[in-house]
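**Student:** dropping the sequence and predicted coords here.
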Amino acid sequence: MVKRNDWLPAGRISIIAMCRKWIAYITEALRTAWGIPAEQLAALKALLETAEALLQKAMDSAERTHVITVECQAAFTALKEKMRFFRDRYFKLPPLTEGDWAALDFRPKDTHPTPVPAPDGVPAVSLSYPGGPHALTAHLGPMPGTQELDQTSDYGYTLYVGIMPPGGATLEQAASEKHYLMKAPADGKGLQHFRFTRRRKEKLLFDTEDGGMTIYICCRYENQKGEVGQWGPVASAVIP
């Protein structure tokens, strides 16, 4: 495992939380004392708002498209670059006090970091009909008889789905943009990545032409470092 020694948090939600602390702490008096131009602080706020909005869109959207994912990645890259600039340019000279350091959420470097294992446990997903055209609801949670993961581990669920026409997809359908399934999958390896969520309930919306086809879905736990746990069982339902 590669040891992490970066001062920036690993997860996007943690990065947002840190930046919020900065903005809340930097009063007009501190901005002036530390020589931070007003336009630089405004730029940091704008990048934070953009990153927050795109992350919410990526997590809540019924269709997490490639475009949304790319835009979210670009927004966080820009935010992290600006935060690094702030730390190097404004937070070192003049030196911060211990109180400033703590308020800005900096921590001393850990020379003996504790390895963070991949999530343990097996999640399950079930499907229900919420009463709408071409829609289903996915319910997420631990396998019956197993313990829920510790919320402090900042985990979530990664969903994988596939759609199969009656009797299985043709070669043309399988090669299409939706990659329709030719046969029912035995596990999540036969399904495509769909979205990451921390919600226990997700609404799934489908195109009109998918009505009458069968959706296969499963999930596994994922932590803030992108490490995943074991596959859960595959659930299925006919798309209304």
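**Tutor:** All right, it came through fine.
**Student:** lowest-scoring secondary structure element of the protein by mean pLDDT?
**Tutor:** Within the chain, confidence by mean pLDDT, DSSP states H and E is lowest for strand 192-197 among all helices and strands, at a mean of 81.
**Student:** isn't Ala169 up against Lys178?
**Tutor:** No - assessed by Cβ atoms under 8 Å, Ala169 is found out of contact with Lys178, at 9.1 Å. All C-beta atoms are positioned from the backbone trio N, CA, C, and that covers glycine.
**Student:** higher neighbour count, the two?
**Tutor:** Ala169 (21 against 16; other Cβ atoms under 10 Å).
**Student:** quick check: that one is in a helix.
**Tutor:** No - looking at Ala169 with DSSP: H, G, I helix; E, B strand; the rest coil, it is coil, so not inside a helix.
**Student:** got the phi/psi numbers for it?
**Tutor:** Main-chain torsions, Ala169, degrees, to the nearest 10: phi -80, psi 150.
**Student:** now the closest residue to it other than its chain neighbours: how far from Pro165?
**Tutor:** Computed as Cβ to Cβ, 6 or more residues apart in numbering, the closest residue to Ala169 that is not its neighbour in sequence is Tyr180, at 3.7 Å. Distance, Tyr180 to Pro165, by Cβ to Cβ, to the nearest Å: 6 Å.
**Student:** anything in contact with each of these two?
**Tutor:** Residues touching both Tyr180 and Pro165 (Cβ atoms under 8 Å, 6 or more residues apart in numbering): Gln173, Met213.
**Student:** just give the nearest non-adjacent residue to the residue nearest to the spatial centre of the chain, would you?
**Tutor:** Closest to where the C-alpha atoms of the chain average out (Cα atoms, centre = their mean) is Phe196, at 5.1 Å. Once flanking residues are discounted, Phe196 sits nearest to Thr158: 5.1 Å by Cβ to Cβ, 6+ apart.
**Student:** residue contacts, that neighbour?
**Tutor:** Here Thr158 is in contact with His193, Arg195, Phe196, Cys219, Arg220, Tyr221, Glu222, Val228 (Cβ under 8 Å, 6+ apart).
**Student:** buried among these? Need that as a selection in ChimeraX.
**Tutor:** To isolate the buried ones among the contacts of Thr158 in ChimeraX, judged by 16 or more other Cβ atoms under 10 Å, type:
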select :195,196,219,220,221,222,228
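**Student:** sort out which one of the contacts of Thr158 lies nearest Ile13 for me.
**Tutor:** Proximity of the contacts of Thr158 to Ile13 was ranked by Cβ to Cβ; the top entry is Phe196 with 11.4 Å.
**Student:** the closest one reaches Tyr160, doesn't it?
**Tutor:** No - counting by Cβ under 8 Å, Phe196 stays clear of Tyr160, with 10.7 Å between them.
**Student:** tell me the buried residues in the next helix or strand after the least confident helix or strand of the chain?
**Tutor:** The first helix or strand that comes after strand 192-197 along the chain, using DSSP states H and E, is strand 201-205. For strand 201-205, a neighbour-count test (16+ other Cβ under 10 Å) marks Glu202, Leu204 as buried.
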